[in-house]
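J.: need coordinates for the below:
(one chain, ligands or ions: 2)
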Amino acid sequence: MSFDLVLFGGTGDLAWRKLMPALFQAFRHGTLPEGGRIIAVARDDLSDEQYRSLIQSRFDSVELAKRPTPDEFARFAALLHYLRMDLSKTQDYERLAEALKARGADSVVMYVATAPSLFTNVCEQIAAVGLNGPNTRVVLEKPLGHDLQSNQAINDTLRRVLKEEQVFRIDHYLGKPSVQNLFALRFGNALFEPLWRRETIANIQITIAEELGVESRGAFYDQTGAMRDMVQNHALQLLCAIGMEPPINSSANAIRDEKLKVLQSLKPWTLETIGQHVIRGQYAAGNHQGQPVPGYAQEKGVAPNSTTETFVALRTEISNWRWAGVPFYIRTGKRLAGRDAHIVINFRPVPHPIFKTPAGAANRLVINLQPKDGLELHLMAQGAAQHQTEPALSQVHLNLDFDQRFGTERVGAYERLLLDVIAGRLNLFVRSDEQEEAWRWVEPILQYWKNDPAGPRPYPAGSWGPRAASAMIARDGYCWSEEM
Ligand SMILES: NC(=O)C1=CN([C@@H]2O[C@H](COP(=O)(O)OP(=O)(O)OC[C@H]3O[C@@H](n4cnc5c(N)ncnc54)[C@H](OP(=O)(O)O)[C@@H]3O)[C@@H](O)[C@H]2O)C=CC1
Ligand SMILES: O=C1O[C@H](COP(=O)(O)O)[C@@H](O)[C@H](O)[C@H]1O
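T.: Ligands and ions are numbered 1, 2, ... in the order given. Take a look at the predicted model:
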C-alpha cells in the first residue's frame, strides 16, 4: 500500500523531537508500509538534501539506541522530501496538489503539526484544491481550540470539508503501551470486572506528574495552562478508560461511544464545588534534581505577573449506577517531585476486621503508566510466625513489570499512532463529540478562574504541589499515593 505523509510544520519542535524519531523507529522495525513518501512542509527555502541533512543532525540528540546508523539513515532519508509552502497562501496548495496527484498514492495523510491558529485554514485549503477525497486522512495535534466555542468552530469547519472518519484527533496518551494495557486489563480479563464498581472501590486517583518545567514552550504554555494542556485531554481520556463500560466490540465507534457516556456523566460543576474541589497552583522557585530552578513567572516567554496554572488537582464523580458516590481525583502539574504517571484504585476496607492491620490499610491496585509500566496489587498478609493473641497483618504487593516482561523496545506512542493513521485505524483517536464534551466540562472552571482574584497557589518547584491539594483530598478522609 503506497502512502504520502505530508508533514505540515516539518521543521517544528514536534516534528524534530517526536514525529521523525517515531517514523524512523517504524522504518527500523519494518512496520512502515513499503512505498511511502514523507513530505515535510514549512516556509524555509530548503532542498530535499538540505532537509535530510537537518534531520540527520537532529538525530545526534536522540538516545543512542534509537539513533540510526549511517546506512539506516541513508535508506530512511530516501523517503524524505521537502516542499516550501506558506500555509496562509492559497496558491501554495496548488503546488502540493500537483505533487500529490501526480503520484496518486493509495492513502494521503496530512499531519497538521503547526500552530493551532492554522488548523482550519489548512483544512479548508486542502479541500479547495480537491485534496479531501476519501483516501485523505487529516491528523490534528492538540490543543484543538482554546475553549468549547473555538473547538466547536474548528469541528464545524472540519465537518464541512471532511468526513468524521477522515479526521484523526491526536491524544498521544492513547498511543502509550501502558495506556493500551489499561484497556487490556479491563476488557481482556474477567478478574477485576465484578470488583470494578462503587460497592468495592472507595476512590480512584489519577496522577500525571511531570518533573520538567515549561522548557522552551513558555509562550505557548502561558496561553494554555495545565487545565487545557493536560486535564481536558490526557487526564480525562485516562478517566474514561477507567470509568467506561465494556464496549460492545473493539471498533473505534464502540469505544468512543462508551468514553462519551463517561464524559456526559461527569458531575456538573457549581460555583461551590469548583471552589471546594478544584485547586490550581503555579510553581515558584525551587529545586530540580538538586539544582535551583526559577519559578514559572521567571521562565522565558511567560508574563512576569502570569496567573496561568501549572498544577491542577480536582475531585469529580461519574454519576451513573456503577460509580455514583465514588470520588475520582485528578492531579497533574509541572516541576513536581518526580516524573510519575499512575492510577490508584483504592478498594474499600474489609467490612468486619478480625485482624489487626496498619491504619487505613486496604487493598489497592496501582496502574503504573510512566516511567514505570506495570501493575502493583497491594494485599494483606501475615508475615513471620505470630505469637500475639490478636494476629497482625502487614501490606505486601504483587508487582508486574511490563518493561521487564515485554522489554523496553515496545512501540512508542507516536510510532503506534502514525502507523494507525497510515492504516486508517481510528480506535486511538478522539471523536469530535468526545472532545467537545471534555471542553464543556472544563469550561465552568476556566470561567471561574477568570473572575477569581485569588489566582493560583504557589508551590515550590520539586514538591508535590500546593498543600491545598492534600487538604482537598483529606476532607474525604483520603490522601495522595505518595502519602500512603
Ligand atoms: N512541541 C510539542 O512538544 C508539542 C506540540 N504540540 C502541537 O503541535 C503543533 C506544532 O507545535 P510545535 O512543533 O511545537 O511548533 P513550532 O513552532 O516548533 O513549529 C511550527 C511549524 O509550523 C511551521 N509553520 C508555521 N507557520 C507556517 C506557515 N504560515 N506556513 C508554513 N509553515 C508554517 C513552522 O515552520 P516555519 O515557521 O519555518 O515556516 C514550523 O515548522 C502545535 O499545534 C502544538 O500545540 C502538541 C503536543 C506537544
Ligand atoms: O501533551 C503534552 O504532553 C506532555 C507530557 O507528555 P509525556 O508523554 O511526556 O507524559 C506535556 O509535557 C506537554 O506540556 C503537553 O502539551
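
J.: now the residue of the stretch 301-450 of the chain found nearest ligand 1: closest residue in space that isn't a chain neighbour?
T.: Closest to ligand 1 within the stretch 301-450 of the chain is Y414: 10.0 Å, counting by C-beta to the nearest ligand atom. Using the backbone N, CA and C atoms, a C-beta is placed for each residue, glycine as well. Among residues not flanking Y414 along the chain, A22 sits closest, at 3.6 Å (C-beta to C-beta, 6 or more residues apart in numbering).

J.: that neighbour reaches L418, doesn't it?
T.: Yes: using C-beta atoms under 8 Å, A22 makes contact with L418 at a distance of 5.6 Å.

J.: quick one, domains of this structure?
T.: For the chain, the structural domains run 3-141, 174-246+265-411+454-483, going by automatic domain parsing.

J.: distance to A252 and mean pLDDT added to those, as JSON lines?
T.: Rendered in JSON lines, the data for these read as follows (distance: least, C-beta to C-beta, whole Å; pLDDT from 0 to 100):
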{"stretch": "domain 3-141", "distance to A252": "13", "mean pLDDT": "95"}
{"stretch": "domain 174-246+265-411+454-483", "distance to A252": "11", "mean pLDDT": "95"}
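
J.: which of the ones you listed sits closest to ligand 1?
T.: Nearest to ligand 1, of all the domains of the chain, is domain 3-141, at 2.2 Å by C-beta to the nearest ligand atom.

J.: quick one: that closest one to chain centroid distance?
T.: Domain 3-141 sits 22 Å away from the centroid of its parent chain (C-alpha atoms, centre = their mean, to the nearest Å).

J.: tell me the contacts of M85?
T.: Neighbour list for M85: F8, V41, A42, R43, D92, Y93, R95, L96 [criterion: C-beta atoms under 8 Å, 6 or more residues apart in numbering].

J.: okay, and the fifth one sits in which element?
T.: Following DSSP states H and E, one finds D92 within helix 90-103.

J.: alpha carbons of that helix, in PDB - could you do that?
T.: Output in PDB follows, covering the C-alpha atoms of helix 90-103 (Å, rounded to 0.1, in the frame of the first residue of the first chain):
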ATOM      1  CA  THR A  90      -3.900  29.700  -1.400                       C
ATOM      2  CA  GLN A  91      -1.600  29.400  -4.400                       C
ATOM      3  CA  ASP A  92       0.900  27.200  -2.400                       C
ATOM      4  CA  TYR A  93      -1.700  24.500  -2.000                       C
ATOM      5  CA  GLU A  94      -1.900  24.100  -5.800                       C
ATOM      6  CA  ARG A  95       1.800  23.000  -5.900                       C
ATOM      7  CA  LEU A  96       1.100  20.500  -3.100                       C
ATOM      8  CA  ALA A  97      -2.000  19.200  -5.000                       C
ATOM      9  CA  GLU A  98       0.200  18.800  -8.200                       C
ATOM     10  CA  ALA A  99       2.800  16.800  -6.300                       C
ATOM     11  CA  LEU A 100       0.300  14.500  -4.700                       C
ATOM     12  CA  LYS A 101      -2.000  14.000  -7.600                       C
ATOM     13  CA  ALA A 102       1.000  13.200  -9.900                       C
ATOM     14  CA  ARG A 103       1.800  10.200  -7.700                       C
END
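
J.: for that helix, name the packing helices and strands.
T.: strand 3-8, strand 36-42, strand 80-84, helix 119-128 (3 or more C-beta pairs under 8 Å, 6 or more residues apart in numbering; DSSP states H and E).

J.: re the thing from before, filter the contacts of M85 by proximity to ligand 1?
T.: Filtering those for proximity to ligand 1 by C-beta under 6 Å from any ligand atom leaves A42, R43.

J.: with neighbour count added, can I get the contacts of M85 in JSON lines?
T.: Putting these into JSON lines (neighbours: other C-beta atoms under 10 Å) gives the following:
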{"residue": "F8", "neighbour count": "26"}
{"residue": "V41", "neighbour count": "26"}
{"residue": "A42", "neighbour count": "22"}
{"residue": "R43", "neighbour count": "13"}
{"residue": "D92", "neighbour count": "17"}
{"residue": "Y93", "neighbour count": "20"}
{"residue": "R95", "neighbour count": "13"}
{"residue": "L96", "neighbour count": "22"}
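
J.: out of the contacts of M85, which comes closest to V112?
T.: Distances from V112 to the contacts of M85, taken as C-beta to C-beta, are shortest for F8 (5.0 Å).

J.: so what pairs up with the closest one in the strands?
T.: V41, V112 (DSSP bridges).

J.: quick one, strands of the stretch 151-300 of the chain?
T.: 167-169, 201-209, 278-284, 286-288, 291-293 (DSSP state E, counting those that start in this stretch).

J.: just want the angle from the helix or strand harbouring the residue nearest to Y414 to strand 3-8.
T.: Per DSSP H and E, A22 falls inside helix 20-29. On the basis of axes from the mean of the first three to the mean of the last three C-alpha atoms, to 10 degrees, helix 20-29 is oriented at 160 degrees to strand 3-8.

J.: up against ligand 1, what does the stretch 1-150 of the chain have?
T.: 9-14, 42-44, 85-88, 113-116, 141-143.

J.: 8 Å instead, please
T.: 8-18, 41-44, 85-88, 92, 112-116, 118-119, 141-143 (C-beta under 8 Å from any ligand atom).

J.: what helix or strand is P68 located in?
T.: Assigned by DSSP H and E, P68 falls within no helix or strand.

J.: for it, which residues are in contact?
T.: Neighbours of P68 in contact, by C-beta under 8 Å, 6+ apart: F24, R28, F59, F76.

J.: Y173 now?
T.: V179, N233, H234, Q237, L238, A413.

J.: redo that, cut-off 6 Å
T.: By C-beta atoms under 6 Å, 6 or more residues apart in numbering, Y173 lies in contact with V179, H234, Q237.

J.: narrow the residues you listed to those in helices?
T.: V179, Q237 (DSSP state H).

J.: pull out the buried residues from the contacts of Y173.
T.: Those of these that meet the buried threshold are V179, H234, Q237, by 16 or more other C-beta atoms under 10 Å.

J.: any idea how far S216 is from the closest residue in space to the second one that isn't next to it in sequence?
T.: Same thing as H234. Nearest non-adjacent residue to H234, counting by C-beta to C-beta, 6+ apart: Y173, 4.3 Å away. Distance of Y173 to S216, given as C-beta to C-beta, to the nearest Å: 21 Å.
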